[in-house]
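Peer 1: Below: sequence and its predicted model.
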Amino acid sequence: MRNSALILAIAPLVCAIAACSDSGQTASTSGTPGSNPAAPATQNRWNNIKRRAQIICGVSGEVPGFSFVGTDGKYSGIDVDVCRAIAAALFDNPDAVEFRNLNSKERFTALQTGEVDVLSRNTTWTLSRDTSVGLEFAPVVFYDGQAIMVRKNSNIKSLADLKDKAICVQTGTTTEQNLADQMRKRGITYKPVVFEDVNVAFATYAEGRCDGITADRSALVSRGTILPKPEDNVILNEVISSEPLAPAVAKGDVKWGDAVKWVVYSLVKAEELGITSQNIGQFATSTDPDVKRFLGTEGNLGEGLGLTNDFAARIIKHVGNYGEIYDRNLGPKTKLNLARGQNQLWSKGGLLYSPPFR
Amino acid sequence: MTNSIWRDVRFWRIALQLVAVFLAAVVVVILWGNLQRNLRQLGIPFGFDFLKQQASFDIGETLISYKPTDTYSYALWVGLINSLRVAIAGIFLTTIVGISAGIARLSDNWLVRNIAMVYVEVFRNTPLLLQLLFWYFAVFLSFPKTENKISLWGFIGISQNGLELPWFNLSPEFSTLLLGLTFYTGAFIAEIVRGGIQSVPKGQWEAARSLGLKPGLVMRLVVFPQALRVIIPPLTSQYLNLTKNTSLAIAIGYPDIYFVASTTFNQTGKAVEVILLIMFTYLTLSLTISVVMNLFNRSVQIKER
């Protein structure tokens, strides 16, 4: 009796292992000939979005200026406006968006499993996320860099002063790795205190456990505004990494990815052409071929994307161009008051540039 | 003797188990195939090669030396040691706290009895995560800054940076996790101990007393050893709970294995592999504790002669 029980206990294990390796075999062989296994999924995604007449957009919801739920219960921020622009392009309705709050750990899985259609969540574009994580990035919507915030009265003026000090970090971000890289390069020892929850990380810093806290510069400015005493903190000048923040879709959704990509480009292009949500009416009669193609009164660029020809016009009408979005969320009239800097048009010394609409 | 095999109870016992095993295997195969198909569709390769890559992130607290240039597998190992450090110290401390509180619950002294009761009810009936955040923010981070630390007898320093003892330092994150787990689990153990003691027949108390033993000795020599037989099996579950609950470390910034695994998953995107690894690790830990406790349990049971 004892022996047979033992055999029975082992049996499922053996079965499982045998079956595993077997199905692994078939997986690898059937993967090679069918060179485009993702094609049906793409079609499904596109159709799903159209059927539900709404896009599902993954955001952070915790970073004022990027995505934040205001006192009126409405989402606002630059990341949020990107989602609204996509909805405007697709459905002529910027409110056809369902926002899902995702933390930095959940975000990629949510995208891979199709829980969200697009991730617009101050996410840094990196090579490995492009390859092994399986994301497809749209153009950069915000050029950022990582920095460190410290208390004004702490005598910490540069990275070197942080020797053997505790630095609060949030896990699941490029931040952790950048910090380690920089400190290693400069031979500075430090003590990272890493949290999963961004709120706990900032609260711990505010309590004084950490001498500094590191995050993207914009996030530090943004979170700094909701610290107990914002004026007591200062962000060090040293920028320790480049963080191009971009929306992303799951790999394989080629058509969907293209649509998202060109929605972002239209925001930049509109600013280049000087078209805003206010003056778009005057451009309807423009004779400039560049403007006509952009607004869809000439040619059929939109149809090539699977959208309508006037998709860009819809976006600008409802959401505005890049400059308007920036000013509304991060500009001088907001608490954040971030200078445009790198996030200015190429023609004005920034990095924003749209490929031609032709 | 000539009964057909269909009427043999032994046959049925085995046959039914085989059917169950088969069904379980089918489910596993289907799930596995599904996983493989989905991952392939997403263009994400499955494999554990990433463990040999450079981790390139730092870990705040380590018992063995660690550099960001070490591999992911080594980083996970560092995390595991951190987890074990809390689990072992926690099991040790919580046993002491739990047994003391359990015995105190039955004390003749009104004050002692009620203090123990309040302790048990408060700690047993609030969520552990909440307690950990309480210990962290309301206790450890409320201590003065390092510059004006509280000094006890000249060699113990208490500050926001934790507990400074002459031979080593305990960080506030480690202390929070250790104390949080100790007191939370201790409340459950207290009830188990109380139940165990009360299960010892009254006659045993009376007999021990009639031999002229002092109350302390009655407990230590007669009642408690017999109560152990009832206490140990549920105590094992509490040890397992404590070990698994160490994974809440990430909430208060202590670098345990779950934290290292989270970061690894984030940097490599290997969600399935990392989850499998971490499940396997906790399973191994739990089974090890179970085996040890079962051996101990066997040694305290009544030996029938």
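Peer 2: Received, thanks.

Peer 1: Start from the N-terminal end of the stretch 151-300 of chain A and give the strands.
Peer 2: With DSSP state E, counting those that start in this stretch, the ranges of strands along the stretch 151-300 of chain A come out as A:166-170, A:191-195, A:212-216, A:233-235, A:241-245, A:248-250.

Peer 1: what's the first one packed up against?
Peer 2: Going back to what we said before, that points to strand A:166-170. If contacts are counted by 3 or more C-beta pairs under 8 Å, 6 or more residues apart in numbering or on different chains; DSSP states H and E, strand A:166-170 sits against helix A:174-186, strand A:191-195, helix A:198-207, strand A:212-216. Using the backbone N, CA and C atoms, a C-beta is placed for each residue, glycine as well.

Peer 1: Report the distance from the second one to the chain centre.
Peer 2: If I follow you right, that is strand A:191-195. 24 Å (C-alpha atoms, centre = their mean, to the nearest Å).

Peer 1: so residue A:62 touches residue A:198, yeah?
Peer 2: Yes: under the criterion of C-beta atoms under 8 Å, residue A:62 makes contact with residue A:198 at 5.5 Å.

Peer 1: What sits closest to whatever residue of chain B ends up closest to chain A if chain neighbours are left out?
Peer 2: Nearest residue of chain B to chain A (C-beta to the nearest C-beta) works out as residue B:269 at 3.3 Å. Counting by C-beta to C-beta, 6 or more residues apart in numbering or on different chains, residue B:269 lies nearest to residue A:133, which is 3.3 Å off, once chain neighbours are set aside.

Peer 1: again with residue A:197
Peer 2: For residue A:197, the closest residue by C-beta to C-beta, 6+ apart turns out to be residue B:251, at 6.9 Å.

Peer 1: coming back round to it: want to throw the helices and strands packed on strand A:166-170 into a markdown table with mean pLDDT and mean neighbour count?
Peer 2: Listed next are those as a markdown table, based on pLDDT from 0 to 100; neighbours: other C-beta atoms under 10 Å in any protein chain shown:
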| stretch | mean pLDDT | mean neighbour count |
| --- | --- | --- |
| helix A:174-186 | 89 | 19 |
| strand A:191-195 | 91 | 23 |
| helix A:198-207 | 91 | 20 |
| strand A:212-216 | 93 | 28 |
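
Peer 1: now the ones you listed in TSV, with distance to chain B?
Peer 2: Output for the helices and strands packed on strand A:166-170, formatted as TSV (distance: least, C-beta to the nearest C-beta, whole Å):
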stretch	distance to chain B
helix A:174-186	4
strand A:191-195	5
helix A:198-207	4
strand A:212-216	12
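
Peer 1: just to revisit the earlier point, hang on, isn't the residue nearest to residue B:269 packed against residue B:270?
Peer 2: No: contact criterion C-beta under 8 Å: residue A:133 and residue B:270 do not qualify, at 9.0 Å.

Peer 1: can you pull the pLDDT of residue B:79?
Peer 2: What the model reports as pLDDT for residue B:79 is 95.

Peer 1: Tell me if I'm right that it and residue B:249 touch.
Peer 2: No: assessed by C-beta under 8 Å, residue B:79 is found out of contact with residue B:249, at 9.3 Å.

Peer 1: what residues do those two have in common as contacts?
Peer 2: Common contacts of residue B:79 and residue B:249 (C-beta atoms under 8 Å, 6 or more residues apart in numbering or on different chains): B:255-256, B:258-259.

Peer 1: Where does the residue nearest to residue B:269 sit: helix, strand or coil?
Peer 2: Three-state assignment for residue A:133 (DSSP: H, G, I helix; E, B strand; the rest coil): coil.

Peer 1: so what's it up against?
Peer 2: Contacts of residue A:133 were listed using C-beta under 8 Å, 6+ apart, and they are A:108, A:112, B:44, B:268-269.

Peer 1: Repeat that for residue B:188.
Peer 2: B:98, B:124, B:238, B:241.

Peer 1: hmm, which helix or strand of the chain has the shakiest average pLDDT?
Peer 2: Unless you meant another one, I'm taking chain A. Least confident helix or strand of chain A, by mean pLDDT, DSSP states H and E, is helix A:2-31 with a mean of 41.

Peer 1: Let me rephrase: I mean chain B.
Peer 2: The weakest-scoring helix or strand in chain B, judged by mean pLDDT, DSSP H and E, is strand B:150-152 (a mean of 76).

Peer 1: Report the buried residues of whichever helix or strand comes after it.
Peer 2: Sequence order places strand B:156-159 as the next helix or strand after strand B:150-152, per DSSP states H and E. Using 16 or more other C-beta atoms under 10 Å in any protein chain shown as the test for burial, strand B:156-159 gives B:157-159.

Peer 1: want to throw those into JSON lines with pLDDT and distance to chain A?
Peer 2: Formatted as JSON lines, these follow (pLDDT from 0 to 100; distance: C-beta to the nearest C-beta, whole Å):
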{"residue": "B:157", "pLDDT": "78", "distance to chain A": "16"}
{"residue": "B:158", "pLDDT": "82", "distance to chain A": "14"}
{"residue": "B:159", "pLDDT": "81", "distance to chain A": "10"}
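
Peer 1: Many thanks, have a good one.
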